[in-house]
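Chemist: fold the following, please.
(chains A, B, C and D)
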2 protein chains.
Amino acid sequence: MADTFVNNPSFFKLDATLKKLRNYWQKMFDSRQMDITVDQWLLVENLYKHKKTTHNELARNTSKDITTVSRIIELLVKKGLVKREADTYDRRKVYLQLTPDGTEKYKQVKPLVHEMRKTGWKSLTEADYAELTRILDTIYSNIPTKV
Amino acid sequence: MADTFVNNPSFFKLDATLKKLRNYWQKMFDSRQMDITVDQWLLVENLYKHKKTTHNELARNTSKDITTVSRIIELLVKKGLVKREADTYDRRKVYLQLTPDGTEKYKQVKPLVHEMRKTGWKSLTEADYAELTRILDTIYSNIPTKV
DNA sequence: TAGCAATAGTTGTTATAGCAACTATTTTGC
DNA sequence: GCAAAATAGTTGCTATAACAACTATTGCTA
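Modeler: Numbers count the residues shown, from 1 in each chain, chains lettered A, B, ... in the order given. Next up, the predicted model:
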């Protein structure tokens, strides 16, 4: 790849796009009184799909640090959207699942998220989506895990 | 765009890629004793390019909140990399610029950043870069600023 | 089987992100 | 010219991010 590209701010563009997306989502959540943050939503969505999971799995599924998951879950438990349940056989493990209120919250927020995703992809094609996916996946796999 | 795509986790993929990039950069900075964070670097890089600027301009240029810029600058001033200078005519304004140590830091970190950017783009072409830019710009402009 | 390593999760600390509220100036509009 | 609006920046607060250190439990191995 030509040297000029190395100076191009792809990091910056990724960051700027994600920040604008995140702000848009949060403002929409707030204006609709959804009473939830973007990252709390991402965990709720994941818990809805997996029904019953652990902090560790949730962290892997959402690309979040386990400490971050632990603290967000703490907030969701306080809000009554998630409940913790100890594993009978392995007392280190704690299973997480949505409460009925949590499931209700998911169903309430979901259509809004659906609309926002459509808004973001307006005027883009399925080929564009595939391209973005391919390029981001390539960058992701290019990055060493250990330094 | 087909409905299935609305359910695809582009937000998640952007977030995961950026997080891995950011972690990689930070670990490389740490292992080379650069004594700087990724976001501190982004401000230093911007100050090197613009020589003399204000908090507000810096915030616009870096897609950061002005409060965030204010606090990162505070850290950079404490490290002796940036100095503040009041405007003579408009006493609300504060100009920011790199100190000699700040310029030195820029020159020290720059080659590493150059290498890391090359690593991220490994096996991608200039056309890929153009595609990514186009798609991210489209998403960016699709997002309403007001909700 | 005793001791050590690995696993699951929490807590402490520092940094970034962003909203609201605030001070201090400067500009605008009547 | 003066009050209100706009601008520049800081401070308070809450949330997310990640590393290090910690507790508790389970698995492994000599």
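Chemist: what's the pLDDT at the residue nearest the centre of chain A?
Modeler: Of all residues in chain A, the one closest to the mean position by C-alpha atoms, centre = their mean is A:Leu42, 3.7 Å from it. On pLDDT, A:Leu42 comes in at 95.
Chemist: pLDDT below threshold where in chain A?
Modeler: Where chain A drops to pLDDT under 70, the residues are A:1-9.
Chemist: residue contacts, the residue nearest to the centre of chain A?
Modeler: Residues in contact with A:Leu42 (C-beta atoms under 8 Å, 6 or more residues apart in numbering or on different chains) are A:Thr62, B:Phe12. (Each C-beta comes from the backbone N, C-alpha and C, glycine too.)
Chemist: tell me the secondary structure at it.
Modeler: helix (DSSP: H, G, I helix; E, B strand; the rest coil).
Chemist: I'd like to know how far it sits from B:Lys19.
Modeler: 13 Å (C-beta to C-beta, to the nearest Å).
Chemist: ok, now A:Leu124?
Modeler: Taking C-beta to C-beta, one finds A:Leu124 at 23 Å from B:Lys19.
Chemist: what about the two, which has more around it?
Modeler: Taking other C-beta atoms under 10 Å in any protein chain shown, A:Leu124 and B:Lys19 do not tie; A:Leu124 has more neighbours (19 against 15).
Chemist: quick one: contacts for that one?
Modeler: With contact set as C-beta under 8 Å, 6+ apart, A:Leu124 has these partners: B:Met1, B:Ile135, B:Thr138, B:Ile139, B:Asn142.
Chemist: hang on, it in a strand?
Modeler: No - if the criterion is three-state DSSP, then A:Leu124 is coil and not within a strand.
Chemist: which residue packs closest to A:Asn61, ignoring adjacent ones?
Modeler: Ranked by C-beta to C-beta, 6 or more residues apart in numbering or on different chains and with sequence neighbours excluded, the top spatial neighbour of A:Asn61 is A:Asn46, at 5.3 Å.
Chemist: brilliant, that's me finished.
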